[in-house]
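Chemist: A predicted structure for the sequence below; I have some questions about it.
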Amino acid sequence: MRRRLLVFAISAVFGLVIALNVPARSQEPQPLQLALKAQQLYSARRLNDAADLWQQAADAFKVQGDRNGVTKSLINKSQALQDLGLYPKACKTLLQALVNSELQSKGELPFAPTNYQCSPEQIDALLTNLNQPLTTLDLDRAIGLRSLGQVLRRQGMLERSQRALKLSLSVTQDAAVSSSTLLSLGNVERTLGDRTRDRLSYEKVTEIIDRVSPELALQPYGAAFAAYREAVTTASMSITKVQGQLNYLSLLLDVREWWKQQTKRRQASWSRLDEFNSTQRASNFLAKLDSQTDARIQDLTNEIEVNLRNLSPTHQGIFAQINLAHSLMRLKSSQRIESLLSNALQQARSLKDRQGEIYVLGNLGQYYAPVSYTHLRAHET
(Lines give C-alpha, C1' and ligand atoms only; values in the text may rest on other atoms or scores of the structure.)
Protein backbone atom coordinates (compact mmCIF):
# COMPACT_ATOMS: atom_id res chain seq x y z
CA MET A 1 0.00 0.00 0.00
CA ARG A 2 1.39 3.31 -1.02
CA ARG A 3 2.12 5.74 1.82
CA ARG A 4 1.61 9.41 1.03
CA LEU A 5 2.71 11.86 3.70
CA LEU A 6 3.20 15.52 2.96
CA VAL A 7 6.44 17.47 3.13
CA PHE A 8 6.02 20.99 4.40
CA ALA A 9 8.46 23.62 5.50
CA ILE A 10 11.14 23.94 8.02
CA SER A 11 9.79 23.91 11.55
CA ALA A 12 6.65 24.65 13.54
CA VAL A 13 8.58 27.26 15.48
CA PHE A 14 8.73 29.42 12.34
CA GLY A 15 5.01 29.10 11.71
CA LEU A 16 5.19 26.38 9.07
CA VAL A 17 3.42 23.06 9.34
CA ILE A 18 5.48 19.88 9.56
CA ALA A 19 4.99 16.55 7.83
CA LEU A 20 7.07 13.81 6.22
CA ASN A 21 7.43 12.66 2.66
CA VAL A 22 7.94 8.97 2.02
CA PRO A 23 7.76 8.42 -1.75
CA ALA A 24 6.98 4.90 -2.90
CA ARG A 25 7.23 5.42 -6.66
CA SER A 26 9.48 7.28 -9.03
CA GLN A 27 6.63 9.55 -10.18
CA GLU A 28 6.17 12.07 -7.39
CA PRO A 29 2.70 13.65 -7.29
CA GLN A 30 2.77 17.20 -8.62
CA PRO A 31 1.44 18.82 -5.41
CA LEU A 32 4.30 17.33 -3.40
CA GLN A 33 6.87 18.57 -5.90
CA LEU A 34 5.42 22.06 -5.66
CA ALA A 35 5.40 21.95 -1.86
CA LEU A 36 9.00 20.75 -1.68
CA LYS A 37 10.16 23.48 -4.07
CA ALA A 38 8.24 26.10 -2.07
CA GLN A 39 10.01 24.94 1.09
CA GLN A 40 13.40 25.31 -0.59
CA LEU A 41 12.54 28.80 -1.83
CA TYR A 42 11.35 29.82 1.64
CA SER A 43 14.60 28.60 3.18
CA ALA A 44 16.48 30.69 0.61
CA ARG A 45 14.31 33.71 1.60
CA ARG A 46 12.77 33.90 -1.89
CA LEU A 47 9.48 34.66 -0.22
CA ASN A 48 7.36 35.82 -3.17
CA ASP A 49 8.30 32.75 -5.16
CA ALA A 50 7.62 30.48 -2.18
CA ALA A 51 4.17 32.02 -1.63
CA ASP A 52 3.29 31.57 -5.31
CA LEU A 53 4.36 27.92 -5.31
CA TRP A 54 2.47 27.11 -2.11
CA GLN A 55 -0.64 28.56 -3.74
CA GLN A 56 -0.03 26.33 -6.76
CA ALA A 57 0.39 23.37 -4.41
CA ALA A 58 -2.90 24.23 -2.70
CA ASP A 59 -4.67 24.40 -6.06
CA ALA A 60 -3.19 21.04 -7.10
CA PHE A 61 -4.19 19.40 -3.82
CA LYS A 62 -7.71 20.77 -4.28
CA VAL A 63 -7.94 19.09 -7.67
CA GLN A 64 -6.94 15.80 -6.01
CA GLY A 65 -9.56 16.32 -3.29
CA ASP A 66 -6.85 16.47 -0.61
CA ARG A 67 -8.18 19.05 1.85
CA ASN A 68 -5.37 18.39 4.32
CA GLY A 69 -2.81 19.30 1.65
CA VAL A 70 -4.75 22.45 0.82
CA THR A 71 -4.77 23.55 4.47
CA LYS A 72 -1.05 22.95 4.99
CA SER A 73 -0.10 24.74 1.78
CA LEU A 74 -2.22 27.79 2.60
CA ILE A 75 -0.86 28.04 6.15
CA ASN A 76 2.69 27.95 4.81
CA LYS A 77 1.86 30.49 2.11
CA SER A 78 0.52 32.83 4.80
CA GLN A 79 3.84 32.66 6.67
CA ALA A 80 5.74 33.77 3.57
CA LEU A 81 3.25 36.63 3.13
CA GLN A 82 3.74 37.65 6.77
CA ASP A 83 7.50 37.69 6.30
CA LEU A 84 6.94 40.02 3.34
CA GLY A 85 4.80 42.33 5.50
CA LEU A 86 1.67 41.57 3.45
CA TYR A 87 -0.57 41.15 6.48
CA PRO A 88 -4.03 41.62 4.88
CA LYS A 89 -3.20 38.98 2.26
CA ALA A 90 -1.77 36.67 4.93
CA CYS A 91 -4.94 37.10 7.00
CA LYS A 92 -7.23 36.21 4.09
CA THR A 93 -5.08 33.18 3.29
CA LEU A 94 -5.23 31.94 6.88
CA LEU A 95 -8.97 32.42 7.06
CA GLN A 96 -9.31 30.35 3.90
CA ALA A 97 -6.99 27.65 5.29
CA LEU A 98 -8.82 27.35 8.60
CA VAL A 99 -12.27 27.37 7.03
CA ASN A 100 -11.09 24.67 4.60
CA SER A 101 -9.85 22.63 7.55
CA GLU A 102 -13.18 22.96 9.31
CA LEU A 103 -15.05 21.92 6.18
CA GLN A 104 -12.86 18.81 6.09
CA SER A 105 -13.54 18.11 9.75
CA LYS A 106 -17.25 18.85 9.93
CA GLY A 107 -18.46 18.64 6.35
CA GLU A 108 -20.40 21.89 6.48
CA LEU A 109 -20.19 25.28 8.09
CA PRO A 110 -23.03 27.78 8.45
CA PHE A 111 -20.60 30.71 8.23
CA ALA A 112 -18.25 29.60 5.42
CA PRO A 113 -17.66 32.75 3.35
CA THR A 114 -17.60 32.83 -0.43
CA ASN A 115 -15.35 35.91 -0.31
CA TYR A 116 -12.53 35.90 2.26
CA GLN A 117 -12.08 39.44 3.58
CA CYS A 118 -10.75 38.68 7.06
CA SER A 119 -13.36 41.01 8.49
CA PRO A 120 -14.05 41.09 12.23
CA GLU A 121 -17.33 39.27 11.57
CA GLN A 122 -15.64 36.46 9.64
CA ILE A 123 -12.92 36.13 12.29
CA ASP A 124 -15.48 35.99 15.12
CA ALA A 125 -17.52 33.34 13.31
CA LEU A 126 -14.42 31.20 12.72
CA LEU A 127 -13.15 31.43 16.29
CA THR A 128 -16.57 30.65 17.70
CA ASN A 129 -16.89 27.58 15.51
CA LEU A 130 -13.35 26.37 16.28
CA ASN A 131 -14.13 26.57 19.96
CA GLN A 132 -16.84 23.89 19.61
CA PRO A 133 -15.53 21.35 20.39
CA LEU A 134 -11.87 22.04 21.14
CA THR A 135 -10.87 18.40 20.78
CA THR A 136 -11.40 18.47 17.01
CA LEU A 137 -8.40 20.76 16.46
CA ASP A 138 -5.21 19.15 15.18
CA LEU A 139 -1.63 20.44 15.21
CA ASP A 140 -1.92 22.11 11.80
CA ARG A 141 -4.90 24.15 12.88
CA ALA A 142 -3.14 25.08 16.12
CA ILE A 143 -0.26 26.45 14.03
CA GLY A 144 -2.75 28.20 11.75
CA LEU A 145 -4.43 29.83 14.73
CA ARG A 146 -1.09 31.04 16.01
CA SER A 147 -0.32 32.59 12.62
CA LEU A 148 -3.78 34.15 12.58
CA GLY A 149 -3.16 35.67 16.01
CA GLN A 150 0.10 37.17 14.78
CA VAL A 151 -1.57 38.71 11.73
CA LEU A 152 -4.52 40.06 13.70
CA ARG A 153 -2.14 41.84 16.08
CA ARG A 154 -0.46 43.50 13.10
CA GLN A 155 -3.87 44.67 11.94
CA GLY A 156 -4.81 46.09 15.34
CA MET A 157 -7.40 43.43 16.23
CA LEU A 158 -5.80 42.85 19.61
CA GLU A 159 -8.60 41.11 21.48
CA ARG A 160 -9.27 38.77 18.55
CA SER A 161 -5.55 38.09 18.29
CA GLN A 162 -5.43 37.25 21.97
CA ARG A 163 -8.43 34.96 21.57
CA ALA A 164 -6.90 33.08 18.61
CA LEU A 165 -3.59 32.57 20.40
CA LYS A 166 -5.21 31.34 23.61
CA LEU A 167 -7.33 28.94 21.58
CA SER A 168 -4.20 27.64 19.87
CA LEU A 169 -2.53 27.11 23.25
CA SER A 170 -5.52 25.25 24.62
CA VAL A 171 -5.51 22.56 21.94
CA THR A 172 -1.88 21.51 21.55
CA GLN A 173 0.62 19.70 23.73
CA ASP A 174 3.47 20.19 21.24
CA ALA A 175 6.24 22.07 23.07
CA ALA A 176 7.62 23.84 19.99
CA VAL A 177 4.19 25.10 18.94
CA SER A 178 3.19 26.10 22.48
CA SER A 179 6.37 28.06 23.23
CA SER A 180 6.19 29.94 19.94
CA THR A 181 2.52 30.70 20.56
CA LEU A 182 3.36 32.00 24.03
CA LEU A 183 5.93 34.27 22.44
CA SER A 184 3.25 35.66 20.12
CA LEU A 185 0.81 35.99 23.01
CA GLY A 186 3.43 37.96 24.93
CA ASN A 187 3.68 40.38 22.01
CA VAL A 188 -0.10 40.89 22.02
CA GLU A 189 -0.18 41.39 25.79
CA ARG A 190 2.68 43.87 25.39
CA THR A 191 0.66 45.94 22.91
CA LEU A 192 -2.38 45.75 25.16
CA GLY A 193 -0.16 46.91 28.03
CA ASP A 194 0.99 49.87 25.95
CA ARG A 195 -2.64 50.77 25.30
CA THR A 196 -3.53 50.56 28.98
CA ARG A 197 -0.50 52.68 29.93
CA ASP A 198 -1.18 55.29 27.26
CA ARG A 199 -4.71 55.72 28.56
CA LEU A 200 -3.48 56.67 32.01
CA SER A 201 -4.35 60.26 32.82
CA TYR A 202 -1.65 62.81 33.62
CA GLU A 203 -2.87 62.77 37.20
CA LYS A 204 -2.66 58.97 37.47
CA VAL A 205 0.91 58.89 36.12
CA THR A 206 1.84 61.63 38.59
CA GLU A 207 0.23 59.69 41.43
CA ILE A 208 2.23 56.53 40.62
CA ILE A 209 5.48 58.54 40.60
CA ASP A 210 4.55 60.43 43.77
CA ARG A 211 3.71 57.16 45.56
CA VAL A 212 7.13 55.76 44.56
CA SER A 213 5.43 52.67 43.14
CA PRO A 214 7.31 50.93 40.32
CA GLU A 215 5.00 47.98 40.91
CA LEU A 216 2.07 50.01 39.58
CA ALA A 217 4.22 51.22 36.69
CA LEU A 218 4.96 47.64 35.65
CA GLN A 219 1.43 46.35 36.30
CA PRO A 220 -0.01 46.79 32.75
CA TYR A 221 2.65 44.39 31.46
CA GLY A 222 2.18 41.57 33.94
CA ALA A 223 0.54 39.27 31.37
CA ALA A 224 3.26 40.01 28.77
CA PHE A 225 6.09 39.27 31.19
CA ALA A 226 4.35 36.05 32.26
CA ALA A 227 3.92 34.87 28.66
CA TYR A 228 7.56 35.59 27.81
CA ARG A 229 8.75 33.77 30.93
CA GLU A 230 6.64 30.73 30.11
CA ALA A 231 7.81 30.77 26.48
CA VAL A 232 11.43 30.68 27.66
CA THR A 233 10.74 27.96 30.22
CA THR A 234 8.85 25.66 27.86
CA ALA A 235 10.89 26.27 24.70
CA SER A 236 12.21 23.09 23.14
CA MET A 237 14.24 25.04 20.57
CA SER A 238 17.08 27.42 21.40
CA ILE A 239 15.95 30.15 19.00
CA THR A 240 12.54 30.41 20.69
CA LYS A 241 14.21 30.66 24.09
CA VAL A 242 16.45 33.48 22.83
CA GLN A 243 13.53 35.30 21.21
CA GLY A 244 11.55 35.14 24.45
CA GLN A 245 14.49 36.52 26.42
CA LEU A 246 15.08 39.28 23.87
CA ASN A 247 11.43 40.35 23.95
CA TYR A 248 11.42 40.30 27.76
CA LEU A 249 14.57 42.45 27.78
CA SER A 250 13.32 45.01 25.28
CA LEU A 251 10.01 45.30 27.13
CA LEU A 252 11.81 46.00 30.41
CA LEU A 253 13.86 48.68 28.67
CA ASP A 254 10.78 50.19 27.02
CA VAL A 255 8.84 50.41 30.27
CA ARG A 256 11.76 51.86 32.19
CA GLU A 257 12.52 54.41 29.48
CA TRP A 258 8.89 55.58 29.27
CA TRP A 259 8.61 56.11 33.00
CA LYS A 260 11.95 57.91 33.15
CA GLN A 261 10.76 60.35 30.50
CA GLN A 262 7.50 60.97 32.35
CA THR A 263 9.28 61.42 35.67
CA LYS A 264 11.89 63.84 34.34
CA ARG A 265 9.18 66.05 32.87
CA ARG A 266 7.51 66.31 36.23
CA GLN A 267 10.80 66.85 38.04
CA ALA A 268 11.55 69.79 35.78
CA SER A 269 8.15 71.30 36.52
CA TRP A 270 8.41 70.70 40.28
CA SER A 271 11.92 72.16 40.37
CA ARG A 272 10.68 75.40 38.80
CA LEU A 273 7.97 75.55 41.45
CA ASP A 274 10.43 74.76 44.26
CA GLU A 275 8.43 71.67 45.23
CA PHE A 276 11.38 69.91 46.80
CA ASN A 277 9.46 67.01 48.38
CA SER A 278 7.80 66.05 45.11
CA THR A 279 11.12 66.30 43.27
CA GLN A 280 12.76 64.04 45.86
CA ARG A 281 9.97 61.45 45.65
CA ALA A 282 10.39 61.41 41.87
CA SER A 283 14.10 60.71 42.32
CA ASN A 284 13.24 57.93 44.75
CA PHE A 285 10.81 56.48 42.21
CA LEU A 286 13.49 56.34 39.51
CA ALA A 287 16.01 54.80 41.90
CA LYS A 288 13.53 52.13 42.99
CA LEU A 289 12.54 51.43 39.38
CA ASP A 290 16.20 50.91 38.48
CA SER A 291 16.82 48.67 41.48
CA GLN A 292 13.87 46.46 40.54
CA THR A 293 14.93 46.07 36.91
CA ASP A 294 18.75 46.29 36.81
CA ALA A 295 19.48 42.78 38.03
CA ARG A 296 16.97 41.17 35.68
CA ILE A 297 18.30 43.18 32.74
CA GLN A 298 21.87 42.09 33.47
CA ASP A 299 20.86 38.47 33.90
CA LEU A 300 18.94 38.52 30.63
CA THR A 301 21.78 40.05 28.60
CA ASN A 302 24.22 37.45 29.95
CA GLU A 303 21.83 34.55 29.29
CA ILE A 304 21.07 35.77 25.76
CA GLU A 305 24.74 36.06 24.86
CA VAL A 306 25.41 32.51 26.05
CA ASN A 307 22.40 31.14 24.16
CA LEU A 308 23.32 33.02 20.98
CA ARG A 309 26.73 31.37 20.94
CA ASN A 310 25.01 27.98 20.89
CA LEU A 311 22.83 28.78 17.87
CA SER A 312 23.63 27.55 14.39
CA PRO A 313 23.69 30.34 11.75
CA THR A 314 20.12 31.04 10.57
CA HIS A 315 18.07 34.00 9.39
CA GLN A 316 16.33 34.11 12.77
CA GLY A 317 19.65 33.93 14.62
CA ILE A 318 21.01 36.87 12.61
CA PHE A 319 18.08 39.06 13.63
CA ALA A 320 18.38 37.87 17.23
CA GLN A 321 21.92 39.27 17.29
CA ILE A 322 20.72 42.55 15.80
CA ASN A 323 17.98 42.69 18.43
CA LEU A 324 20.48 42.21 21.26
CA ALA A 325 22.76 44.85 19.75
CA HIS A 326 19.85 47.31 19.85
CA SER A 327 19.27 46.61 23.53
CA LEU A 328 22.99 46.98 24.30
CA MET A 329 23.00 50.34 22.50
CA ARG A 330 20.19 51.48 24.76
CA LEU A 331 22.15 50.29 27.79
CA LYS A 332 25.27 52.13 26.53
CA SER A 333 27.12 48.80 26.68
CA SER A 334 29.23 49.37 23.59
CA GLN A 335 32.06 46.87 24.09
CA ARG A 336 30.03 43.91 22.80
CA ILE A 337 27.99 45.55 20.05
CA GLU A 338 30.62 45.55 17.32
CA SER A 339 31.46 41.88 17.73
CA LEU A 340 27.77 40.92 17.72
CA LEU A 341 27.04 42.81 14.51
CA SER A 342 30.25 41.67 12.82
CA ASN A 343 29.39 38.06 13.58
CA ALA A 344 25.84 38.57 12.30
CA LEU A 345 27.21 40.10 9.09
CA GLN A 346 29.55 37.15 8.54
CA GLN A 347 26.67 34.72 9.04
CA ALA A 348 24.36 36.65 6.69
CA ARG A 349 26.98 36.57 3.96
CA SER A 350 27.74 32.89 4.45
CA LEU A 351 24.01 32.10 4.20
CA LYS A 352 23.56 34.52 1.28
CA ASP A 353 20.84 36.16 3.36
CA ARG A 354 20.56 39.50 1.58
CA GLN A 355 17.84 40.85 3.85
CA GLY A 356 19.85 40.00 6.95
CA GLU A 357 22.99 41.55 5.46
CA ILE A 358 21.19 44.82 4.70
CA TYR A 359 19.84 45.04 8.24
CA VAL A 360 23.23 44.32 9.79
CA LEU A 361 24.99 46.91 7.62
CA GLY A 362 22.37 49.49 8.54
CA ASN A 363 22.90 48.81 12.22
CA LEU A 364 26.67 48.93 11.89
CA GLY A 365 26.27 52.32 10.25
CA GLN A 366 24.07 53.44 13.12
CA TYR A 367 26.63 52.18 15.62
CA TYR A 368 29.57 53.94 13.99
CA ALA A 369 27.70 57.16 13.20
CA PRO A 370 28.64 60.03 15.54
CA VAL A 371 25.03 60.69 16.53
CA SER A 372 22.88 59.71 19.46
CA TYR A 373 21.15 56.38 19.16
CA THR A 374 17.42 56.34 18.51
CA HIS A 375 15.66 53.14 19.52
CA LEU A 376 14.11 51.10 16.73
CA ARG A 377 12.73 47.60 17.04
CA ALA A 378 14.95 45.54 14.82
CA HIS A 379 12.94 42.54 13.80
CA GLU A 380 10.05 41.74 16.04
CA THR A 381 9.79 38.10 16.86
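Modeler: Happy to help now that I have it.
Chemist: Output the below-cut-off pLDDT ranges for the stretch 1-150 of the chain.
Modeler: 1-29, 103-114, 133-137 (pLDDT under 70).
Chemist: can you give me the helices for it?
Modeler: Ranges of helices in the stretch 1-150 of the chain, per DSSP state H, counting those that start in this stretch, are 30-43, 47-64, 67-83, 87-106, 120-130, 139-154.
Chemist: of the ones you listed, which approaches Leu331 most closely?
Modeler: Across the helices of the stretch 1-150 of the chain, Leu331 has its closest neighbour in helix 139-154 (26.9 Å, Cβ to Cβ). To be clear about C-beta, it is placed using only N, CA and C from the backbone, and glycine gets the same treatment.
Chemist: Okay, angle between that closest one and helix 87-106 too, please.
Modeler: Relative orientation of helix 139-154 with respect to helix 87-106: 150 degrees, computed using axes from the mean of the first three to the mean of the last three Cα atoms, to 10 degrees.
Chemist: which other helices and strands contact helix 139-154?
Modeler: Where contact means 3 or more Cβ pairs under 8 Å, 6 or more residues apart in numbering; DSSP states H and E, helix 139-154 is packed against helix 67-83, helix 87-106, helix 120-130, helix 158-170, helix 175-198.
Chemist: what angle separates it from helix 67-83?
Modeler: Using the same axes, to 10 degrees: helix 139-154 against helix 67-83 is 30 degrees.
Chemist: Can you list the buried residues in helix 139-154?
Modeler: Going by neighbour count (16 or more other Cβ atoms under 10 Å), the buried part of helix 139-154 is 139-154.
Chemist: got it, and stretch 214-233?
Modeler: 214, 217-218, 220-221, 223-225, 227-228, 230-232.
Chemist: Identify those among those that sit within helices.
Modeler: Pro214, Ala217, Leu218, Ala223, Ala224, Phe225, Ala227, Tyr228, Glu230, Ala231, Val232 (DSSP state H).
Chemist: Roughly how far does the third one sit from Leu300?
Modeler: This points to Leu218. 15 Å (Cβ to Cβ, to the nearest Å).
Chemist: How about Ala231?
Modeler: Using Cβ to Cβ, Ala231 is found at 13 Å from Leu300.
Chemist: So Thr172: helix, strand or coil?
Modeler: Classification of Thr172 using DSSP: H, G, I helix; E, B strand; the rest coil returns coil.
Chemist: ok, now which ones touch the nearest residue to it once chain neighbours are set aside?
Modeler: Closest residue in space to Thr172, ignoring its immediate chain neighbours: Ala142 at 4.1 Å, by Cβ to Cβ, 6 or more residues apart in numbering. Counting by Cβ atoms under 8 Å, 6 or more residues apart in numbering, Ala142 makes contact with Ser168, Val171, Thr172, Asp174, Val177, Thr181.
Chemist: Restrict those to the buried ones and give me that as a PyMOL selection.
Modeler: Of the contacts of Ala142, the buried ones go into a single PyMOL selection, burial set by 16+ other Cβ under 10 Å:
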select buried, resi 168+171+172+177+181
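Chemist: Please identify which of the contacts of Ala142 is nearest to Leu192.
Modeler: Thr181 (16.2 Å).
Chemist: List the contacts of Val232.
Modeler: By Cβ under 8 Å, 6+ apart, Val232 lies in contact with Ser179, Lys241, Gly244, Gln245, Tyr248.
Chemist: Please read the previous query as pertaining to Tyr221.
Modeler: Per Cβ under 8 Å, 6+ apart, neighbours of Tyr221: Glu189, Arg190, Gly193, Leu251, Val255.
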